[in-house]
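# Generate a structure from the sequence data that follows.
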Amino acid sequence: MSSETKRLEAMQAATVIPIGLGDRSYRISCGFGLIAQAGEVCAPFAPTRRVFLVTDSHVGPLWGPAAVSGLEDAGLRVIPLQLEAGEQTKSWGGLAALIDALAAERAERQDLIVALGGGVIGDLAGFAAGVFKRGMDFVQIPTTLLAQVDSAVGGKTAIDIEAGKNLVGLFHQPRAVLVDYAVLDTLPLRERRAGFAEVIKYGLINNRPFFDWLKAEGAALVGGGSATLAHAVTTSIRSKAAIVAADERETAGLRALLNLGHTFAHGFEALAGYDGRLLHGEAVACGMALAFDYSARIGLCPEAEAHEVATLLEAVGFQIDPRKLPGGPFAPEAVLEAMAQDKKASGGKLTLILTEGIGRAKIVPGVDFASILAYLNEIFGEG
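Numbers count the residues shown, from 1 in each chain. As a prediction, the model looks like this:
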């Protein structure tokens, strides 16, 4: 079979998921082997024919050559920019390094940035694209499960600062997203599991049948079974795409549901110092378990359903006891202080995403800090 035939078959087999945002609308193409077709996807958005391929020291050696080849096949000139891997790159220093590199290469506003990597590279490159020369177009090619189902979709870009995660950023939608399932084969088990937390989240928010399916198929997905992969990824992306299209900038409240478990998680991540000991998905898994537990303790959610969620999370290998999270131990007061930096905090109160049960997430504004501290003291003090 010729390479051209393989290319056409890969593109024809791709699942395309649209995000309808008016003049900011774009398509998410999902399938196996799509990195080789990166040029076909990117060329319409590169009028200068010049592409800045932003990646990191882990992903670059693995997938950089395939991406460069795919882009060059479409007649694009590729300028690779490789950053250090790790959450600490998603920082003021990382942003400055990327922007300085773009400036040194005399990047023009009509050039295209392509983000090839996980959530760190996607968020950082998207933010740089949004602010350099008052805005450049960019395309996302996410290389982790977490990025494919969450951070690469929806246009949120940001960096972390000492006070908290994603506190400096902007909305800047990509022109396209290219999801290649094949890249997940090179992920370590821990990274794959971390992404699975965000997959579970979609079942917990508003899709009980998907959650039930994940209970049956989750072990195969985390372990690398490709038969379950496409369904899990595309279901997750469709869920997020629908929410983003309805509430792009989180003004109607609907998009806030995507933060289930994240307020607790961002607190843990800030205290762990973004040094790799605690992955985002690991923190989210624990945060979702706490959101269900807290909901049950205040009578909002049936205890049996909170237990059901905890059971699934533990079954696939997550640590849901916050006292045992990597990067700890954490003091309840310090956790609350970090949670108070949440973008939804206002007037000494938090807006939490809680739940009335599996598939029934709910926005609960005006949660007093004192009640959260009492809960944290309770769970951190339990034997």
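
# measure the residue most central in space within the chain to Glu333 for me?
Of all residues in the chain, the one closest to the mean position by CA atoms, centre = their mean is Ser151, 2.8 Å from it. From Ser151 across to Glu333, the span is 30 Å (CB to CB, to the nearest Å). For every residue, glycine as well, the C-beta is placed using N, CA and C.

# likewise Ile141?
For Ile141 relative to Glu333 (CB to CB), the value is 41 Å.

# more neighbours, those two?
Ile141 (32 against 12; other CB atoms under 10 Å).

# Confirm for me that the more buried one is in contact with Ile113.
No: if you go by CB atoms under 8 Å, Ile141 and Ile113 don't touch, sitting 11.1 Å apart.

# Angles on the backbone of the closest residue to Glu191 other than its chain neighbours, please.
Closest residue to Glu191 apart from its sequence neighbours, by CB to CB, 6 or more residues apart in numbering: Thr144 at 5.8 Å. Phi and psi for Thr144, reported as degrees, to the nearest 10, are phi -120, psi 160.

# who's in contact with the residue nearest to the centre of the chain?
Gly118, Gly119, Gly122, Asp123, Pro142 (CB atoms under 8 Å, 6 or more residues apart in numbering).

# of all those, which two lie farthest apart?
Farthest pair in the contacts of Ser151 (CB to CB) is Asp123 and Pro142. Separation: 10.7 Å.

# These two: who's more crowded?
Pro142 (28 against 25).

# isn't that one right next to Gln148, touching?
Yes: contact criterion CB under 8 Å: Pro142 and Gln148 qualify, at 4.5 Å.

# shared neighbours of those two, anything?
Joint contacts of Pro142 and Gln148 (CB under 8 Å, 6+ apart) are Val179.

# Counting neighbours, what do you get for the closest residue in space to Leu254 that isn't next to it in sequence?
Setting aside the residues directly before and after it, Leu254 is nearest to Asp247 in space (CB to CB, 6+ apart), at 4.0 Å. By the criterion of other CB under 10 Å, Asp247 has 16 neighbours.

# got it, and Asp23?
As a burial measure, Asp23 scores 5 neighbours (other CB under 10 Å).

# Contact partners for the residue nearest to Glu191?
Per CB under 8 Å, 6+ apart, neighbours of Thr144: Gly117, Gly118, Gly119, Val183, Leu184, Leu187, Glu191, Ala194, Gly195.

# Surely Lys165 is within a strand?
Yes: if the criterion is DSSP: H, G, I helix; E, B strand; the rest coil, then Lys165 is within a strand.

# how far away is it from Leu98?
19 Å.

# so who does His266 touch?
Gly164, Lys165, Asn166, Ala283, Ala338, Met339, Gln341, Asp342.
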